[in-house]
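**Q** below are the sequence and a predicted model for it; my questions follow.
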Amino acid sequence: MTIFLSLLTALFFGTGDFCGGLSAKRATILQVVAGSHAIGLLGVVVAAFLLAEEFSVWAVLLGAAGGVFGGIGVAFLYRRLAVGPMAVVAPITAITSAAVPALWGTLRGDALSALARIGVFVALVAIGLVSSSTDGATSRISPRVIWESLLAGAGFGTFFIFLDATEAVNAPWPVVGARLVTVVGIAAFMIATSRQLVPTAKPAIGLIVLTGVFDTGSNVTFLYATNSGALTIVAVLSSLYPIATVLLARAVLSERMTRIQLTGFATALVATVLIAAG
């Protein structure tokens, strides 16, 4: 179940990332983040009342604290993706978001078999391969690109650690706390700076709704995955999300897939099998 939920998280996260990228072309980044998180907040509140066995203020507070780091991660990610080069930003962010909680889980004593450890390493390699792109190959890579991409990944990774610290009986209330913090924070900033909250283009609104559904869905499935298995494995498998993004870009936007990306898909399958066998 842990592996299934982790891969489902990757699918949701990658799909949300793709929809978010499309919506950012028709609306501002703040509108996309605020709108998608608001939609996600509505959905996860309903899910919390229906699914949670117990309500815990502490679980909501842990989620809210993690939401601060997750919000920072989103801000840096969109900032870097807007400037580029994406071929560098995407793999650094994905690998860091996997490495931070994986290292934390290892330090806390997550017991992994030899096969599972090899699978984790292979999965990290797969993330880099799948995230590669032909664009931006000639772009100048500044130190700022590197450290802001690292901060984006660290923000997501820290958010995952906070989710893992909550109890299974409280899921998905921690995600409610996370979404509440980002929605209130971004909305307050936009109002204070007289920015328009809702985009005018109707296609953007639909894409923002889809972004919110898939992005928040990925947080919920990640939470349930960590409650059923080791954080190290969940973090790495969930970070295979670029596979979904690349496949959607191929299907919807007719973007070509490189041999390196195809190799990454095969490598990801090998990693999944190794972790499952371990």
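**A** Good, I have the coordinates.

**Q** average pLDDT for the helix or strand hosting residue 162, rounded please.
**A** Counting by DSSP states H and E, the element that carries residue 162 is helix 143-164. Average pLDDT, helix 143-164: 89.

**Q** likewise stretch 192-208?
**A** 87.

**Q** can you pull out the helices in the stretch 101-250 of the chain?
**A** Counting by DSSP state H, counting those that start in this stretch, one finds helices in the stretch 101-250 of the chain at the ranges 114-130, 143-164, 173-192, 202-228, 231-238, 242-253.

**Q** quick check: which of those helices is buried the most?
**A** Comparing the helices of the stretch 101-250 of the chain on average neighbours per residue, with mean count of other CB atoms under 10 Å, the densest one is helix 231-238 at a mean of 28. C-betas here are computed from N, CA, C, even on glycine.

**Q** what is the orientation angle of it with helix 114-130?
**A** Using axes from the mean of the first three to the mean of the last three CA atoms, to 10 degrees, one finds that helix 231-238 and helix 114-130 are set 30 degrees apart in direction.

**Q** give me the contact list for helix 231-238.
**A** 2-3, 5-7, 9-10, 13, 97-98, 100-102, 104-106, 108, 110, 112, 116, 120, 123-124, 157, 160-161, 164, 218, 222, 225-226, 271-272, 275 (CB atoms under 8 Å, 6 or more residues apart in numbering).

**Q** before we move on, what about stretch 14-26?
**A** With CB under 8 Å, 6+ apart, stretch 14-26 has contacts from 32, 36, 78, 81-82, 199, 201, 203-204, 207-208, 210-215, 217-218, 241-245, 248-249, 252.

**Q** ditto for stretch 167-179
**A** Contacts for stretch 167-179 (CB under 8 Å, 6+ apart): 37-38, 40-41, 44-45, 47-48, 51-56, 59-67, 70, 159, 162-163, 166, 216, 219-220, 223-224, 227-228.

**Q** residue 27: which of the helices of the stretch 101-250 of the chain is closest?
**A** Minimum separation from residue 27 across the helices of the stretch 101-250 of the chain (CB to CB) falls at helix 202-228, 4.2 Å.

**Q** what's that closest one packed up against?
**A** Packing contacts for helix 202-228, counted by 3 or more CB pairs under 8 Å, 6 or more residues apart in numbering; DSSP states H and E, involve helix 2-23, helix 29-51, helix 143-164, helix 173-192, helix 231-238.

**Q** gap between that helix and the chain center?
**A** Relative to its chain's centre, helix 202-228 lies at 9 Å (CA atoms, centre = their mean, to the nearest Å).

**Q** coming back round to it: nearest to residue 259, of the helices of the stretch 101-250 of the chain?
**A** helix 114-130 (9.8 Å).

**Q** average pLDDT across the closest one?
**A** 80.

**Q** run through who's touching it.
**A** Here helix 114-130 makes contact (CB under 8 Å, 6+ apart) with 91, 94-95, 98-99, 102, 112, 232-233, 236-237, 239-240, 242-243, 246, 260-261, 263-265, 267-268, 270-278.

**Q** any idea of the angle it forms with helix 2-23?
**A** Using the same axes, to 10 degrees: helix 114-130 against helix 2-23 is 10 degrees.

**Q** residues in contact with the closest residue to residue 232 other than its chain neighbours?
**A** The spatially closest residue to residue 232, leaving aside those adjacent along the chain, is residue 105, at 3.8 Å (CB to CB, 6 or more residues apart in numbering). Residue 105 makes contacts with 164, 230, 231, 232, 235, as judged by CB under 8 Å, 6+ apart.

**Q** go again using 6 Å as the cut-off
**A** By CB atoms under 6 Å, 6 or more residues apart in numbering, the contact list for residue 105 reads 230, 231, 232.

**Q** can you tell me how far the first one is from residue 70?
**A** As defined by CB to CB, to the nearest Å, residue 230 lies at a distance of 21 Å from residue 70.

**Q** could you do the second one as well?
**A** According to CB to CB, residue 231 and residue 70 sit 16 Å apart.

**Q** before we move on, what about the last one?
**A** Taking CB to CB as the measure, residue 232 and residue 70 are separated by 19 Å.

**Q** likewise for residue 265?
**A** 27 Å.
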